[in-house]
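1. Predicted coordinates and the sequence they were generated for:
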Amino acid sequence: MIKLSIIVPAYNEEQTILETLGAVSRQSIPGVDIETIVIDDGSQDGTRRLVEANPGLYSTFLPLPRNLGKGGAVIAGLRAAKGDYILFQDADLEYDPSEYSKLLMPALKFDADVVLGSRMLAPPFTRVCYFWHRLGNRLITLAFNVINNATFTDIYSGYLLYRRSLINAEELSTAGWEQQAEILTLLTRRGKILYEVPISYHGRTYAEGKKIRARHAISVLWTILVQGLRRRR
């Protein structure tokens, strides 16, 4: 039996938070004990109220007094996590919790340290959205692979599972969208067994609440470069 900590950062997600947590709570995987940690990142809508009114859908709720950014919310969740493995779950249902078993398979079968979900490995379906997002994703993935001598196909997938002992939350220095690049750099450096698995993707449009913008790619690329230089010291 392994314990899995699912980190769910949420900011102004009243339209989807209960559906997301409901989908997470329905997951039952043999050999896996799941704890769900929800972090409200200073939401201005009804997200906090809805989560507090439905305690049966999660293990731990962390309401932050102010907005810290996604990375700040993730750090708060990591501090509270007790699992053998960490898995990130966005609160907007762009990624489907029913695919947890895919992500866990390499960990359960091959003792993987890191498993990254990929929207590029022939998933059953993927929603057609923005060309520039796809191009930007390929650019940052290429940069990451060149600097870290890796072969990932989708480094900014929302589904990243890893052995919790590989990273201490206190060592993370980023608090924005670029944080995943920092985390994945550390995991690539420290993990011995790394896998990717295909996952489906139901992306949102900006009208539906999508938050990431093209400008975020600049901080991501900078983080990849800085972390890569630190790796060589």
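-> On my side now, so go ahead. Small disclaimer: the values here were computed from a predicted structure and weren't measured.
2. When you work out contacts or count neighbours from here on, use the C-alpha atoms and nothing else.
-> Will do.
3. Tell me which helix or strand comes right after the helix or strand harbouring L78.
-> Taking DSSP states H and E as the definition, L78 sits inside helix 70-80. Going down the chain from helix 70-80, the next helix or strand is strand 85-88, by DSSP H and E.
4. Off-centre distance for that following strand?
-> 8 Å (C-alpha atoms, centre = their mean, to the nearest Å).
5. again with stretch 89-108
-> Here stretch 89-108 is found 10 Å from its chain centre; the criterion is C-alpha atoms, centre = their mean.
6. tell me the mean pLDDT for it?
-> When pLDDT is averaged along stretch 89-108, the result is 95.
7. Please point out which parts of the helix holding L78 sit buried.
-> Of the residues in helix 70-80, 70-78 count as buried by neighbour count, 16 or more other C-alpha atoms under 10 Å.
8. quick one: the residue nearest the centre of the chain and E99, what's the gap?
-> What sits nearest the mean C-alpha location of the chain, by C-alpha atoms, centre = their mean, is F88, with 3.5 Å. F88 is 13 Å from E99, where distance means C-alpha to C-alpha, to the nearest Å.
9. could you say what helices and strands the helix holding L78 packs with?
-> Applying 3 or more C-alpha pairs under 8 Å, 6 or more residues apart in numbering; DSSP states H and E, one finds that helix 70-80 contacts strand 2-10, strand 32-40.
10. who touches it?
-> Helix 70-80 is contacted from outside by 7-10, 37-41, 62, 64, 169-170, 172, 174-179, using C-alpha atoms under 8 Å, 6 or more residues apart in numbering.
11. Show the end-to-end separation of stretch 75-86, please.
-> From its first residue to its last, stretch 75-86 covers 12 Å (C-alpha to C-alpha).
12. Report the rounded mean pLDDT for that stretch.
-> Stretch 75-86 carries an average pLDDT of 98.
13. from the middle of its chain, how far away would that stretch be?
-> Using C-alpha atoms, centre = their mean, the offset of stretch 75-86 from its chain centre is 12 Å.
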